[in-house]
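[1] would you be able to build a 3D model of this:
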Amino acid sequence: MELLGTLLRGLVIGFSIAAPVGPIGVLCIRRTLADGRYAGFLSGLGAASADALYGCVAAFGLTSVSGFLVDQQLLLRLVGGAFLLYLGFRIFREQPDEREAAISGTSYGGLARAYSSTFLLTITNPLTILSFAATFAGLGLVESAGYVLATVLVLGVFSGSALWWLLLSGSVSLFSSRLGLGTLRWVNRASGTIIFSFGVAALLSLLRGL
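    Coordinates of the predicted model:
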């Protein structure tokens, strides 16, 4: 019962941390609409993998790793902000009518890029590990957890985060077949602008912190 309880707590934590709609959520929605459900879900799964990795660092008490990430947070956030600018600009300019019948987002290369891009965006936000560490400590999960329970906890975090992205991409995909090329162009422009704005906000926050 203790294992099941730990798994469920990890699932709730992972789901709760993933659910707020930020740049990853916008990217997942846009890719689902433009490239299909698999591209959207793989985008979310990249974020879920990064969440699980940070959850693992927090759960196993890897203080040297977490300390290094926090020390390098300015550089990591700079990379993340610049990457958001690049993605936003690229999505804004993309023309959906250039894709023809075979959607590039459903190819193996497209799916790999969908996964790796969101993994990179999430992993360059070291504040995520502080969120996990604070949540685990607040619930008393770290102090009472051995290696087995810590592993189950991280598995729950990954499952909860993945569940959110599965629900989001599955729900959005219900509307994708009804969208014409004109609507998809506006989806690209709107999502590109939003993601670019997140990048600008991230870089401005760095300037305020200097």
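
[2] which residues of the protein score low on pLDDT?
    1, 21, 61-72, 95-108, 126-127, 129-130, 133-146, 176-183, 209-210 (pLDDT under 70).

[3] center of it, which residue is that?
    Central residue of the chain (Cα atoms, centre = their mean): Ala47, 2.9 Å from the mean position.

[4] spit out the contact partners of that residue.
    Residues in contact with Ala47, defined by Cβ atoms under 8 Å, 6 or more residues apart in numbering, are 18, 24, 28, 118-119, 121-122, 161, 165. For the C-beta atoms, the positions are set from N, CA and C on the backbone; glycine is no exception.

[5] out of those, list just those in helices.
    18, 24, 28, 118-119, 121-122, 161, 165 (DSSP state H).

[6] all helices for the chain, in order.
    Under DSSP H, the chain gives helices at 2-18, 23-35, 37-59, 63-71, 73-93, 108-123, 127-138, 141-144, 147-176, 181-209.

[7] CA atoms of the second one as CSV?
    Spelled out, it's helix 23-35. Written as CSV, here are the backbone C-alpha positions of helix 23-35 (Å, rounded to 0.1, in the frame of the first residue of the first chain):
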residue,chain,number,x,y,z
PRO,A,23,5.4,27.8,-23.7
ILE,A,24,5.5,24.0,-23.7
GLY,A,25,1.7,23.9,-23.6
VAL,A,26,1.4,26.3,-26.4
LEU,A,27,4.0,24.4,-28.4
CYS,A,28,2.2,21.1,-27.8
ILE,A,29,-1.2,22.6,-28.9
ARG,A,30,0.3,24.1,-32.0
ARG,A,31,2.1,20.9,-33.0
THR,A,32,-1.0,18.8,-32.4
LEU,A,33,-3.0,21.1,-34.7
ALA,A,34,-0.4,21.4,-37.4
ASP,A,35,1.4,18.0,-37.2
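
[8] tell me what that helix is packed against?
    Secondary-structure packing of helix 23-35 (3 or more Cβ pairs under 8 Å, 6 or more residues apart in numbering; DSSP states H and E): helix 37-59, helix 73-93, helix 108-123, helix 147-176, helix 181-209.

[9] check the offset of the longest one from the chain's centre.
    Distance of helix 147-176 from its chain centroid, counting by Cα atoms, centre = their mean, to the nearest Å, is 11 Å.

[10] pull out the buried positions in that helix.
    Residues 149-166, 168-169, 172-173, 176 are the ones in helix 147-176 that count as buried (16 or more other Cβ atoms under 10 Å).

[11] equivalent analysis for the last one, please.
    Within helix 181-209, the residues scored as buried using 16+ other Cβ under 10 Å are 184-185, 187-188, 191-192, 194-196, 198-199, 202-203.
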